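*Asks:* build me a model from this:
(2 chains)
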Amino acid sequence: MQPSTLPGVRGERLDTSSGAKALRRGRTLAGLLFSAPAILGLLIFTLYPMLASLYYSFTRYSVMKPPVWVGATNYAHLAHDELFWKSLANTAYYAVIAVPLGIVVALGLALLLNMKVRGQALYRTFFFVPSIVPLVASSVLWIWLFNPQNGAINALLRPIFASLGLGEPPGWFADPVWSKPAIILWSLWGVGGSMVIFLAALQDVPQELHEAAEVDGARAWHRVRHITLPFISPQILFVLIMGMIGAFQFFTPAYVMTQGTGGPVDSTLFYSLYLFNVAFADFKMGYACALAWILFLLILAFTALIFRTSARFVYYAGEAR
Amino acid sequence: MVRVWHVWGGTMAEGFTKLCDAFAKEHPEIELRPVFASNDLATNQKFFTAVAAKRPPEVVFVDGPQVAPWAEWGALEPLTDRCEQAGINADDYFAPCWRQNTYKGDVWALTFCADPNFGFVWSKKAFREAGLDPEKPPVTIEDLDRCARALTHREGNELTQIGLIPWSQYGAANSIFTWGWAFGGDFFDYQADRITADDPRVVKALEWMVSYAKEYDVTKVASLERGFGSAEQNPFITGKVAMMCLHIGGIADLARYAPDLDYGVTFIPAPPDGEQRSSWVGGWCVSIPKGAENQDAAWEFMRWLCASDEGTALVGEATGLFPGYRASPYLKSVQGKKHYGKFLRILEECRHQRPVMPVQARYMRELSRAVDAAVYGKLSPQAALKRATEATQRELDIITAGSSGTRPAASGQVE
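*Replies:* As a prediction, this is how the structure comes out:
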């Protein structure tokens, strides 16, 4: 559609006659009609389930029988639910370590892959490929890599540990202390997505600034710190927020690697995994909805917090400072 | 049309198809449509959605301990009247099977197969190599500990073969049920509607399990376990485990993947003051989902499958599992059969079923967590089982309070 055909655009004087009004109404209607599939989809498949889950969070509901209103009981129970706190702590542990670590690794890779070397495209492909492997397939693969007796990782570590006198390498999923670090290591394998975002952002860093800084005697680290990082800070913010949301909703590998138990000793019972068990093993839909809403509020709060504080470290080109 | 959501994949699927064909020949007026729906979290979501949408299948397979919760949730039709009319009663089934299918005064399911859990198996080859008498399996826990020690091998710091992993008998929850009952404990007080996982004898059983975790180092055992596989990689076949509990379906697997494996089957060992020849019943049941369409035809199929000489005999032959129907000719036919005969003895003496109550899944998870926490030394056995008791009791109380207060008397009750 050409913008010029819209009334009121390009400084046309708005005609208030009834004919023009009818035309405008017709166009509004047509516009609404064309966007109706999207609007209806949003209303039916997003807004309605959200509101319904809010309602169910105040009920006891097993799907097959009508829900029973219980007021805020579900939310009150949360406070005394040991597994709620445990799963929240596990999730926080994961988010606090895996997300920043993921950014550092992705950024490091992007900087390295941005260097003009032979086979650059090949290297970029290599590092991106893991992130297109389906989550379940990659989880199953890593179960074997992490196998304490026969896995490739411990086969590599064993001689190193022996020469350093550290004894046996970690038991990974056989040991509650090492199961979360194992999952964090796994998560680093999939940084390809963020890496590509950083790689694209690096192309937009003005080359002349680098050259000017170099002439002024700035070292590589200083150029990264004072030129590259500020210029790609909006992308870092984006990856940070998406990563944090993803970390709060972390589910698939924990479910696959522990067959849904969250073991050993609840060490990989992440929030979403607990929510899933409550909903689909116990059929306590009301309680599960309450858990989901708490998760939603937590994500909302953290996203808002990051946005609020982002002004300090994010630089938008053209922004007055 | 009778749609049957069954759980038989792989080689078992062929057997189940045979059963359906045999039924169809006799009942040409009933069109059977078997659909594979493995009873896991994902397919159960489908099932419950189908019930909620009032479009369920006509017949569904239910795992024994699921019968009570599914009945409580309103997913099943009561079968009490139909059983009475057909003259089917408690005496027709092994006692724990019938108890498992009865909840709040109604019958909700018929037993398809009664699994005697478990047969205790020992590798005669491993016994010989360790200098133990291969014809003398352990009877007491003391014997068992002695054998387990002799049957455990290490290479450097790592375990290469272990005698027994007490907490790994088909999951931690099933393990504590097995040993808890063998030690003379119990898990539920039906009179008071109380969870009793902290029964002193169950605590004793868990203390004994923890003694293995200490003696053999739980992370070393877990590392060994991470290398276990299924089929021909079964640790009992590869010799990584010398003694274990075996499900009846395991006999056929062992015969298929290791036809020359020399092993024996006996009762679960127990302490002298525990319960001798202890076992509990597992296995699949069939039910009619709430609101199913052709309930009469569905019942006809169920009755043939679970309560007729002909049907139950075919169930045994086609699946290698024991029907719960005591008069089944199949049971007579296996009395002298190697290994199966022993499992039949175990079934005949079987006293327990997992607690018949509405928060079964939660109870299993809490028991599993308790075992996990205790063997990893995070909690004492007493504290771990106390936590499981309290957490499950809380859930149970919510359900009992809810169902007495808000449920109309007529729902699910037969006058």
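*Asks:* could you point out the longest helix of chain B?
*Replies:* helix B:381-406 (DSSP state H).
*Asks:* with adjacent residues omitted, what lies nearest to residue 194?
*Replies:* You didn't pick a chain, so chain A it is. residue A:106 (3.9 Å; CB to CB, 6 or more residues apart in numbering or on different chains). For every residue, glycine as well, the C-beta is placed using N, CA and C.
*Asks:* wait, I meant chain B there
*Replies:* Per CB to CB, 6+ apart, closest to residue B:194 is residue B:393, 6.8 Å.
*Asks:* regarding residue B:35, what is its secondary structure?
*Replies:* Following DSSP: H, G, I helix; E, B strand; the rest coil, the label given to residue B:35 is strand.
*Asks:* so who does it touch?
*Replies:* B:3-6, B:57 (CB atoms under 8 Å, 6 or more residues apart in numbering or on different chains).
*Asks:* closest one of those to chain A?
*Replies:* residue B:57 (14.5 Å; CB to the nearest CB).
*Asks:* surely the closest one and residue B:6 touch.
*Replies:* No: taking CB atoms under 8 Å as the definition, residue B:57 is not a contact partner of residue B:6, at 9.6 Å.
*Asks:* point to the residue nearest the middle of chain A.
*Replies:* residue A:246 (2.6 Å; CA atoms, centre = their mean).
*Asks:* how far off centre is the strand or helix carrying that residue?
*Replies:* Using DSSP states H and E, residue A:246 maps to helix A:229-248. Relative to its chain's centre, helix A:229-248 lies at 9 Å (CA atoms, centre = their mean, to the nearest Å).
*Asks:* and that helix, what other elements does it pack with?
*Replies:* helix A:82-113, helix A:192-202, helix A:285-310 (3 or more CB pairs under 8 Å, 6 or more residues apart in numbering or on different chains; DSSP states H and E).
*Asks:* name the element the nearest residue to residue B:258 once chain neighbours are set aside belongs to?
*Replies:* Nearest in space to residue B:258, with sequence neighbours left out and distances taken as CB to CB, 6+ apart, is residue B:237 at 4.4 Å. Secondary structure assignment for residue B:237, by DSSP H and E: helix B:235-238.
*Asks:* circling back: in the longest helix of chain B, what's buried?
*Replies:* By 16 or more other CB atoms under 10 Å in any protein chain shown, the buried positions in helix B:381-406 come out as B:381, B:384-389, B:391-393, B:395-396, B:398-399, B:402.
*Asks:* and if you look at stretch A:303-315?
*Replies:* A:303, A:314.
*Asks:* any idea of the mean pLDDT for that stretch?
*Replies:* On average, the pLDDT along stretch A:303-315 is 87.
*Asks:* repeat for stretch B:392-401
*Replies:* Per-residue scores along stretch B:392-401 average to 88.
*Asks:* chain center to it: distance?
*Replies:* Distance, centroid of stretch B:392-401 to centroid of chain: 24 Å (CA atoms, centre = their mean).
*Asks:* for stretch B:326-341, same thing?
*Replies:* 19 Å.
*Asks:* between the two ends of it, what distance do you get?
*Replies:* Distance between the two ends of stretch B:326-341: 15 Å, counting by CA to CA, to the nearest Å.
*Asks:* list, one by one, the residues from the stretch 151-300 of chain B near chain A.
*Replies:* Listed as neighbours of chain A in the stretch 151-300 of chain B under the rule CB under 8 Å from any CB of the partner chain: B:157-158, B:219, B:222-227, B:290.
*Asks:* got a winner among these for most neighbours?
*Replies:* residue B:223 (26 neighbours; other CB atoms under 10 Å in any protein chain shown).
*Asks:* how far off helix A:82-113 does the longest helix of chain B point, in degrees?
*Replies:* With axes from the mean of the first three to the mean of the last three CA atoms, to 10 degrees as the basis, helix B:381-406 and helix A:82-113 are set at 110 degrees to each other.
*Asks:* on that earlier part again, next SSE downstream of the helix holding residue A:246?
*Replies:* Assigned by DSSP H and E, the successor of helix A:229-248 is helix A:252-257.
*Asks:* contact partners of that following helix?
*Replies:* Contacts for helix A:252-257 (CB under 8 Å, 6+ apart): A:135-136, A:138-140, A:142-143, A:173, A:183, A:186-187, A:262, A:268-270, A:273, A:276.
*Asks:* of the residues you listed, list those near chain B.
*Replies:* Restricting these to those near chain B - CB under 8 Å from any CB - leaves A:173, A:276.
*Asks:* among the contacts of helix A:252-257, name the buried ones.
*Replies:* A:138-139, A:142-143, A:173, A:183, A:186-187, A:262, A:268-270, A:273, A:276.
*Asks:* now, which of those sits nearest chain B?
*Replies:* Closest to chain B, out of all of these and judged by CB to the nearest CB, is residue A:173, at 6.9 Å.
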